[in-house]
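Colleague: Give me the fold of what follows.
(2 chains)
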Amino acid sequence: MDFLKGISASYINAVKACFQLEIEQQDLSINETRKDFNGDFTFVIFPLVKQLKKSPLEIGNTLGNWLIVNEPKIVGFETIQGFLNVTLSDKFWLDTLKLITETLAFGTQPANNKKVLVEFSSPNTNKPLHLGHIRNILLGWSCSKILAANGYDVIKTQVINDRGIAVCKSMLAWQKFGNGATPESTSVKGDHFVGDFYVRFETEFKKEFELFQKSPQGIELLATQRKAEQDVDIFWKEYKNKYFNEYSLLGAEAKEMLLKWESGDEDTKSLWQTMNAWVYTGFNATYDKLGVNFDSLYYESDTYLLGKKAVEDGLIKGVFYRQDDGSVWVNLEDVGMDRKIVLRSDGTSVYMTQDIGTAQQRYEDFGVDKMVYTVADEQDYHFKVLFEILKRLGEPYAEGLHHLSYGMVDLPTGKMKSREGTVVDADDLVEEVINEARNMSSERGEITALPKDEQEDILRKIGMAALKFFIIKVQPKKRMIFDPKESVDMQGQTGPYIQNAYVRIQSIKRKAGKDILEDGWTMYVDLEEPEKALIKHLLIFPNVVKEAGEQYDPSSIANFAYNLAKAFHRFYHDVRILNAETEEAKAFRSKLSEEVGKVLFTAFDLLGIEMPDRM
RNA sequence: GGUUCCGUAGCUCAGCUGGAUAGAGCAACAGAUUUCUAAUCUGUGGGUCACAGGUUCGAAUCCUGUCGGGAUCACCA
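Modeller: Numbering: from 1, shown residues only, chains lettered A, B, ... in the order given. Presented below is the predicted three-dimensional model:
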């Protein structure tokens, strides 16, 4: 199904026939011919120059002449410097388009009988989702889709961090200041409701801490503990954690609540369940708006004790070692990492232990070949260590582990900081982009005749496309700057621009009716440049999907979709489709448009973006 | 400090398994519609691809170093 391979094969044959030289597929380079030269594809012949000791021009012309005579699909060539530009026949383009139309689910691969588990989102239950989560969720979701398109059986999952001191903080704040309020009684979305109590805790704690700083005890502490030259504010900032653990009343209460939770205290558990249920209702509403879902869920409250058995096994295998104080470690210095603790001296586990156990649990649950973790790049080192440990433990899936690492999202004003209230809330953002779509749409009036709910559905699709495309078009590993103003742009390199290409195609399909000859297009001759350009784009789609899967990189699909849409808009502008010069041209262009529409739809689906039929 | 990622136009980003004169979008300016959706198209201006070496016929792309920015280096998660 690799169309480019056919062309490459011709070249390989030519080299063999003309120069008795065997070259491999991988060491020949074929590119699309740059637009300022004649031709469709370009072979670079410099690599042959050295071996053959002939001039590039001579080699190019020899190969070109051979190709014209022996390869019917090649009808012209031109050698410029070390480049052989070949022109392909109309028949080649028509055949290519025919093959594309006949290929079921063009661009995707058949099932490969391999299972991959993709983890993404994985929020904490003490705060609502924000912009950072959105990048994570879009990447994870898109990656799942892309892997599925590459033949994998994909299981989408997340581990919900539903326990720990942070969760206890919001519980405690609700207990102390909530007066029995609920999301229902206040009409506040559940996750925001709970998040507000987390913030309330932090506010109260801050007050308490400030009072402490002014108390005799605090003054003495500052006098005795502060290092010379140290800024007073910085001293307290650094002391905050210690204060929380050793002096704070609120801190003590929160910690006590955590202990109660861990010992299974019924009242605590019941409050915890109630509040988490509120959060999940809120999260699910956000997931719905983002158009994502999960096949399985892991809760940290179930997994946080996992991994201890793995540590036992690892000790026996010699992967880990026990220190005199009883703590267990792994030494990874031989591969350039350091020593990491996997079990504390009191026998409790750390994050790493939990992750080892969870990985094993997932393998037991699903028997996967691969696992993808969508987690921000601040945890690069953690995953390097985790994967190395799992490898040493001899886990069967160890070679299939991948950390889908992505850079943080910054605002034009700098980093998002919850303390400074600059965190962009996911729900607010979604609402904002849809409102912007509404504004843009009202200026145009294209959809005003539709029923209200249909209009809303379209506006939702347009707004979400703007937001999602803006985020997903950036390579995951790159840190990105999120400018809210730009994210709602709907012109140029944006989601709505691509949707617009699709919508134009749907409009043509509606108007075309049935008077188009079904196979008339195969008789079309003398293809126009924009038509060839479209077929060229279509034909690389399967490679783009494959590559995106191998690289875990949705941004390449986003760029492809943009380029295809751009080529279509150009085509649409340059040639008449339904009013074409001939019936053959009309049939051909309709067919071509339809295929472009299908590919745009598929590409956007792989990105988790919906297409409207009108806009 | 060690490790690691990033640095391309005023701004946001492509291009990175080495190939021709480094591309888009935004912003600015000038145009295009009696005709399939103008959320479109065409054009103009805008570059020391952070810097310096190296490898190569050829480097934004690979290697080394320097500078700048981020992350990370807990018996935290």
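Colleague: Can you name the residues of the stretch 401-550 of chain A that neighbour RNA strand B?
Modeller: A:407-408, A:415, A:437, A:440-441, A:444, A:446-447, A:462, A:473-475, A:477-481, A:483, A:486, A:489-494, A:496-497, A:500, A:503-504, A:506-508, A:511 (C-beta under 7 Å from any atom of the strand). Using the backbone N, CA and C atoms, a C-beta is placed for each residue, glycine as well.
Colleague: Restricted to strands, list the residues you listed.
Modeller: A:480, A:481 (DSSP state E).
Colleague: buried subset of the residues of the stretch 401-550 of chain A next to RNA strand B?
Modeller: Neighbour-count burial (16 or more other C-beta atoms under 10 Å) applied to those gives A:407, A:437, A:440-441, A:447, A:462, A:473-474, A:480, A:489-490, A:493-494, A:496-497, A:500, A:503-504, A:506, A:508.
Colleague: which residue ranges form the helices in the stretch 401-550 of chain A?
Modeller: Residue ranges of the helices in the stretch 401-550 of chain A, as given by DSSP state H, counting those that start in this stretch, are A:426-444, A:452-472, A:484-487, A:495-512, A:529-551.
Colleague: Indicate which one of the ones you listed is closest to residue A:105.
Modeller: helix A:529-551 (10.2 Å; C-beta to C-beta).
Colleague: For the helix or strand just after the closest one, which residues meet the burial criterion?
Modeller: Remark: after helix A:529-551, the chain's next helix or strand is helix A:555-574, criterion DSSP states H and E. Neighbour-count burial for helix A:555-574, counted by 16+ other C-beta under 10 Å, picks out A:555-569, A:571-572.
Colleague: swap in stretch A:61-71?
Modeller: Within stretch A:61-71, the residues that count as buried by 16+ other C-beta under 10 Å are A:62, A:63, A:64, A:66, A:67, A:71.
Colleague: And the residues you listed, which is closest to RNA strand B?
Modeller: Proximity of the buried residues of stretch A:61-71 to RNA strand B (C-beta to the nearest atom of the strand) peaks at residue A:64, which lies at 12.7 Å.
Colleague: In three-state terms, label residue A:39 for me.
Modeller: Applying DSSP: H, G, I helix; E, B strand; the rest coil to residue A:39 yields a three-state assignment of coil.
Colleague: was I right about it contacting residue A:79?
Modeller: No: Residue A:39 is beyond contact range of residue A:79, at 10.2 Å (criterion: C-beta atoms under 8 Å).
Colleague: which neighbours do those two share?
Modeller: residue A:85 (C-beta atoms under 8 Å, 6 or more residues apart in numbering).
Colleague: What ranges does chain A have for its strands?
Modeller: A:30-32, A:41-44, A:74-80, A:83-88, A:114-119, A:152-160, A:296-299, A:320-322, A:328-331, A:339-343, A:370-376, A:401-406, A:409-410, A:480-481.
Colleague: Tabulate these in a markdown table, adding columns for mean pLDDT.
Modeller: Below are the strands of chain A laid out as a markdown table (pLDDT from 0 to 100):
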| stretch | mean pLDDT |
| --- | --- |
| strand A:30-32 | 86 |
| strand A:41-44 | 92 |
| strand A:74-80 | 93 |
| strand A:83-88 | 93 |
| strand A:114-119 | 97 |
| strand A:152-160 | 97 |
| strand A:296-299 | 96 |
| strand A:320-322 | 94 |
| strand A:328-331 | 94 |
| strand A:339-343 | 93 |
| strand A:370-376 | 96 |
| strand A:401-406 | 96 |
| strand A:409-410 | 94 |
| strand A:480-481 | 93 |
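Colleague: could you redo those as a markdown table and give each row distance to residue A:529?
Modeller: Shown next, in a markdown table, are the strands of chain A (distance: least, C-beta to C-beta, whole Å):
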| stretch | distance to residue A:529 |
| --- | --- |
| strand A:30-32 | 13 |
| strand A:41-44 | 14 |
| strand A:74-80 | 14 |
| strand A:83-88 | 12 |
| strand A:114-119 | 41 |
| strand A:152-160 | 38 |
| strand A:296-299 | 50 |
| strand A:320-322 | 64 |
| strand A:328-331 | 60 |
| strand A:339-343 | 59 |
| strand A:370-376 | 41 |
| strand A:401-406 | 38 |
| strand A:409-410 | 40 |
| strand A:480-481 | 35 |
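Colleague: and the residue of chain A nearest RNA strand B?
Modeller: Nearest to RNA strand B, among the residues of chain A, is residue A:492, at 2.0 Å (C-beta to the nearest atom of the strand).
Colleague: partners of residue A:321 in the sheet?
Modeller: In this entry, residue A:321 is beta-bridged to residue A:329, by DSSP bridges.
Colleague: What's the separation between it and residue A:341?
Modeller: Distance from residue A:321 to residue A:341, counting by C-beta to C-beta, to the nearest Å: 11 Å.
Colleague: which neighbours do those two share?
Modeller: Common neighbours of residue A:321 and residue A:341 (C-beta under 8 Å, 6+ apart) are A:328, A:329.
Colleague: quick one: which of the two has more around it?
Modeller: More neighbours surround residue A:341 than the other of residue A:321 and residue A:341, with 16 against 13 (other C-beta atoms under 10 Å).
Colleague: In contact with residue A:64, which residues are there?
Modeller: Applying C-beta under 8 Å, 6+ apart, the residues near residue A:64 are A:77, A:78, A:79, A:84, A:86.
Colleague: and if you look at residue A:342?
Modeller: Each residue near residue A:342 by C-beta under 8 Å, 6+ apart is listed here: A:307, A:311, A:314, A:320, A:328-330, A:349-350, A:352-353, A:356, A:389.
Colleague: Good, wrapping up.
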